[in-house]
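>>> the sequence and its predicted three-dimensional model are supplied below.
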Amino acid sequence: MGSSGVFPNPPKSGTTYWRLSQRWIFSSGAGPEYLKINPLGVIPTLIHDGQPLHESGTICEYLDETYPDPPLRPDTPYERALMRNWIRHIDGLIHNLIIFNWRHHLQKVAAQWSDEELAEKLKNIPSKERQESWLRVARKPYTEEERDAARAKLVQLLDKMEDALKPSGWLVGEAYSIADIAAVPFVKRIDEEIAPHEVAANKHPRVAEWWAKIQARPAFARANFGPFLES
Ligand SMILES: N[C@@H](CCC(=O)N[C@@H](CS)C(=O)NCC(=O)O)C(=O)O
């Protein structure tokens, strides 16, 4: 799929389209057409009833409001606020994940780009911070020290989760919510590669239990969340 063919089939009303292909954003970059529907030039973008929406936390809340049964947000305004703070906190950690994630498929591809190709891709990346990430991956991969610092930040997320999971086994209130959903891709990558020994009963017992419950959910199987390293 090239950047000029983001939507080969126009979205039909009532249909949910996910464009979640990392391969795509990495090989084609976010072209001007994609930037029209996702001004940040990142994935994911949801198109629902022909209307584009970006920001994964916002998308999850939108889907929950649109399809409220079963609810994925707590009942009280306060707990919903806590849920949003979790989403915001986790989103703020994404750079630490990127340091690990992009060194696989993207780094191999990006290292081959000519300076002209790289400059062309950088033009379509709206944020300076992300431009820097692309530049780093293409020309100056993150060092072991930088990876250690990123790993430490991600382990701090597990510490924070361990504490929050104490009352009920879920991050907010009494039930699984979008706060838990926001943490899933992070814990998945920590467990898979970044610090697997930290997602264990002897280090973060409540996180380990939470992670087992998450993986046992039918939705987790439906998401077909394969190993990142093979994606
Ligand atoms: N806050 C955004 C972050 C999305 C994000 O960072 N996506 C990454 C996934 S690797 C991406 O598309 N990166 C491509 C880029 O930054 O150029 C969200 O939650 O939707």
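That came through, no problem.
>>> the ligand contacts on the chain?
Listed as neighbours of the ligand in the chain under the rule C-beta under 6 Å from any ligand atom: 22, 25, 41-44, 55-56, 91, 94, 98, 101, 125, 130. Backbone N, C-alpha and C define where each C-beta goes, glycine included.
>>> how about 5 Å then?
Applying C-beta under 5 Å from any ligand atom, we find that the chain lies next to the ligand at 42-43, 55-56, 91, 94, 130.
>>> quick one, phi psi at the residue lying closest to residue 209 once chain neighbours are set aside?
Here the nearest residue to residue 209 in space, its sequence neighbours aside, is residue 169; by C-beta to C-beta, 6 or more residues apart in numbering that works out to 6.7 Å. With angles defined as degrees, to the nearest 10, residue 169 sits at phi 90, psi 0.
>>> surely residue 169 is in contact with residue 211?
No. Residue 169 lies out of contact with residue 211 (C-beta atoms under 8 Å); the separation is 11.2 Å.
>>> settle it for me: which of the two has more neighbours?
Each of residue 169 and residue 211 has its neighbours counted (other C-beta atoms under 10 Å); residue 211 has more, 21 against 14.
>>> residues touching that one, list them.
The contact partners of residue 211, by C-beta atoms under 8 Å, 6 or more residues apart in numbering, come to 187, 191, 199.
>>> do that again at 10 Å, thanks
Residue 211 sits next to 158, 161, 183-184, 187-188, 190-191, 199-200, 204 when contact means C-beta atoms under 10 Å, 6 or more residues apart in numbering.
>>> so residue 170, which state does it fall into?
Each residue gets one of three states, and residue 170 gets coil by DSSP: H, G, I helix; E, B strand; the rest coil.
>>> tell me the SS of the spatially most central residue of the chain?
Nearest to the mean C-alpha position of the chain, by C-alpha atoms, centre = their mean, lies residue 185 at 5.8 Å. Classification of residue 185 by three-state DSSP places it in helix.
>>> with residue 69 instead?
Here residue 69 is coil, with the state taken from three-state DSSP.
>>> can you list the domains in the protein?
1-70, 77-91+145-219, 104-141 (automatic domain parsing).
>>> run the chain-centre distance for the lengthiest helix in the chain.
Assignment by DSSP state H gives helix 144-164 as the longest helix of the chain. Distance, stretch centre to chain centre, for helix 144-164: 16 Å (C-alpha atoms, centre = their mean, to the nearest Å).
>>> quick one: mean pLDDT over it.
The average pLDDT for helix 144-164 rounds to 98.
>>> which other helices and strands does that helix contact?
If contacts are counted by 3 or more C-beta pairs under 10 Å, 6 or more residues apart in numbering; DSSP states H and E, helix 144-164 sits against helix 77-91, helix 94-101, helix 178-189, helix 205-216.
>>> what's the closest of those helices to residue 120?
The closest of the helices and strands packed on helix 144-164 to residue 120 is helix 94-101. By C-beta to C-beta, the value is 20.8 Å.
>>> the closest one to helix 178-189, inter-axis angle?
Interaxial angle of helix 94-101 relative to helix 178-189 (axes from the mean of the first three to the mean of the last three C-alpha atoms, to 10 degrees): 30 degrees.
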